[in-house]
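J.: sequence and computational prediction follow.
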Amino acid sequence: MNTITVDHVSKNYRRVRTEEGLWNSLKSLVFRNFETVKALENVSFSLEQGEMVGLIGPNGAGKSTLIKTLCGLIHPSQGTVKVFDFKPTDKKNAFKQQIGVVLGQKNQLWWDLSPVETFKLHQEIYNIPEEEFNISFQELTQLLRVEHVLTTPVRNLSLGERMKCELIASLLHRPKILFLDEPTIGLDIISQKKIRSFLKQYCVEKKITVILTSHYMDDIHYLCDRVLIMKSGTLFYDGKLQSIQSFISDYKYLRFTFKTVIPHTINLYDQVEEIDRQTLVIRVASANAKEVLQHITSCYSVVDYSEERIPVQDVLEHIFSEPNKVSNGRDQHEAIQ
Ligand SMILES: Nc1ncnc2c1ncn2[C@@H]1O[C@H](COP(=O)(O)OP(=O)(O)OP(=O)(O)O)[C@@H](O)[C@H]1O
């Protein structure tokens, strides 16, 4: 069953455009020039119950706009969004009960209250029965190991402790969908790992549908099989994370291990990715790979050779820096058909 259906959604913002200079700034107080920003353009996809999906893209790609549209915070300019059977912008209480939101850069915890006081407030807001609240509270605080900070004012908590409490606040009412916008931002590696493994364990067990926005690819790798890549407001790619490596077919990585130290005479071709005493990894255009391979193996003493998959990070860099070329489908391969 689909929990989220986004059907040909576009969102345009109108914003004031001011020209440079004092005179133009003054003039714009009276005569306003507006420009339209296409933050989302014809975006369609659907998610099934329990799917964990990574939403990635460069700055300004439209990720936050999409999350806000799904939460009902903004109206789409065109198209429809359905979350279960709800239209998010109707903001029905029954809809709000189904979603949890964590925005890494914004607090939902009250700064001067302790976490437990905010959790009690959430109990009131979401009308959570006492017994249900106690069970969720125990389970979440134990899993995230925050029992020792529950009565400390939020302003005195570390970033990691605060983020764990943010997660608890968003899950106490047992939502079926969780929107996570940069949940590990600014955390040290150990705290990032703890939050990731908690999310994996908890969300898989409870079959919670998760949309995760993160600039840390480790989060996406660990938690999401499927990724939605946004670029300039369009859904550029929708498919398995592993499949994006085959997205770039125009170059390859070749790894050579030489019998002796790499000779100075060697032509390093397109690009050296890694070079050590006896090891060389080069990035070559796929069309030239065979010729390069033949040349190196015939001219030099190579003891080992392999073709390597292009790291996901490099594929993304390539996608983000390329001029827009939309591949809007379930998977790159499906999209092209
Ligand atoms: N309230 C707004 N009014 C006008 N333009 C906006 C508004 N909010 C966002 N935009 C514009 O819409 C585009 C998409 O912005 P959005 O915040 O959705 O991108 P994003 O992918 O979340 O970026 P980031 O990774 O930097 O958070 C950007 O060009 C942004 O300047």
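T.: Perfect, thanks for sending it. Fair warning: this is a prediction, and the values are worked out from it, not measured in the lab.
J.: the residue positioned nearest the centre of the chain pairs with what?
T.: The chain has T213 as the residue nearest its centroid, 2.8 Å off, counting by Cα atoms, centre = their mean. Per DSSP bridges, the residues bridged to T213 are L55, D181.
J.: so what's V116 up against?
T.: 150-151 (Cβ atoms under 8 Å, 6 or more residues apart in numbering). Placement of C-beta: from N, CA and C, glycine included.
J.: where does it fall, secondary structure wise?
T.: Counting by DSSP states H and E, the element that carries V116 is helix 115-125.
J.: need the next SSE after that helix, C-terminal direction.
T.: As the chain continues past helix 115-125, the following element, by DSSP H and E, is helix 130-143.
J.: can you name the next helix or strand after that following helix?
T.: Using DSSP H and E, the helix or strand that follows helix 130-143 in sequence is helix 159-171.
J.: now do that next one and helix 130-143, the angle between them.
T.: When axes from the mean of the first three to the mean of the last three Cα atoms, to 10 degrees is applied, the directions of helix 159-171 and helix 130-143 differ by 150 degrees.
J.: any residues of the stretch 201-337 of the chain in contact with the ligand? List them.
T.: By Cβ under 6 Å from any ligand atom, no residue of the stretch 201-337 of the chain approaches the ligand.
J.: neighbours of F236, how many?
T.: 24 (other Cβ atoms under 10 Å).
J.: related to what we said a few turns ago, what angle separates the helix holding V116 from helix 130-143?
T.: Going by the same axes, to 10 degrees, helix 115-125 makes 150 degrees with helix 130-143.
J.: state the distance from D188 to I310.
T.: In this view, D188 and I310 are 29 Å apart by Cβ to Cβ, to the nearest Å.
J.: my bad, P129
T.: As judged by Cβ to Cβ, P129 and I310 stand 52 Å apart.
J.: looking only at neighbour counts, state which of these two leads.
T.: Just comparing P129 and I310: by other Cβ under 10 Å the higher neighbour count belongs to I310, 19 against 9.
J.: secondary structure class of that one, three-state.
T.: coil (DSSP: H, G, I helix; E, B strand; the rest coil).
J.: I'd say it and Y253 touch.
T.: Yes: I310 is within contact range of Y253, at 6.1 Å (criterion: Cβ atoms under 8 Å).
J.: domain ranges for this structure, per the record?
T.: For the chain, the TED database gives the domain ranges 2-8+41-244, 248-319.
J.: same question for the shortest one, mean pLDDT?
T.: I take that to be domain 248-319. Across domain 248-319, pLDDT averages out at 80.
J.: just stretch 157-174 next, same as before
T.: Averaged across stretch 157-174, pLDDT comes to 93.
J.: likewise stretch 187-199?
T.: Regarding stretch 187-199, the rounded mean pLDDT is 90.
J.: distance of D7 from G233?
T.: Look at D7 and G233: by Cβ to Cβ, they are 16 Å apart.
J.: between those two, which one's more packed in?
T.: G233 (23 against 15).
J.: in contact with the more buried one, which residues?
T.: Contacts of G233 (Cβ under 8 Å, 6+ apart): 10-11, 38-41, 43, 61-62, 65.
J.: where does the closest residue to the ligand within the stretch 101-250 of the chain land in three-state SS?
T.: Among the residues of the stretch 101-250 of the chain, M230 lies closest to the ligand, at 6.1 Å counting by Cβ to the nearest ligand atom. When classified by three-state DSSP, M230 comes out as strand.
J.: what about N288, how many neighbours?
T.: The burial count for N288: 14, using other Cβ under 10 Å.
J.: so where does it fall, helix or strand?
T.: Short version, using DSSP H and E: N288 is in helix 286-299.
J.: tell me how far that helix lies from the chain's centre.
T.: 38 Å (Cα atoms, centre = their mean, to the nearest Å).
J.: for that helix, C-alpha coordinates in PDB please.
T.: Once non-C-alpha atoms are left out, helix 286-299 reads as follows in PDB (Å, rounded to 0.1, in the frame of the first residue of the first chain):
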ATOM      1  CA  SER A 286      35.200   4.400 -21.100                       C
ATOM      2  CA  ALA A 287      35.800   4.700 -24.900                       C
ATOM      3  CA  ASN A 288      39.600   4.700 -24.300                       C
ATOM      4  CA  ALA A 289      39.700   2.100 -21.500                       C
ATOM      5  CA  LYS A 290      40.600  -0.800 -23.700                       C
ATOM      6  CA  GLU A 291      43.400   1.100 -25.500                       C
ATOM      7  CA  VAL A 292      44.800   2.400 -22.300                       C
ATOM      8  CA  LEU A 293      44.800  -1.100 -20.700                       C
ATOM      9  CA  GLN A 294      46.500  -2.600 -23.700                       C
ATOM     10  CA  HIS A 295      49.200   0.100 -23.800                       C
ATOM     11  CA  ILE A 296      50.000  -0.100 -20.100                       C
ATOM     12  CA  THR A 297      50.100  -3.900 -19.900                       C
ATOM     13  CA  SER A 298      52.200  -4.200 -23.000                       C
ATOM     14  CA  CYS A 299      54.700  -1.500 -22.100                       C
END
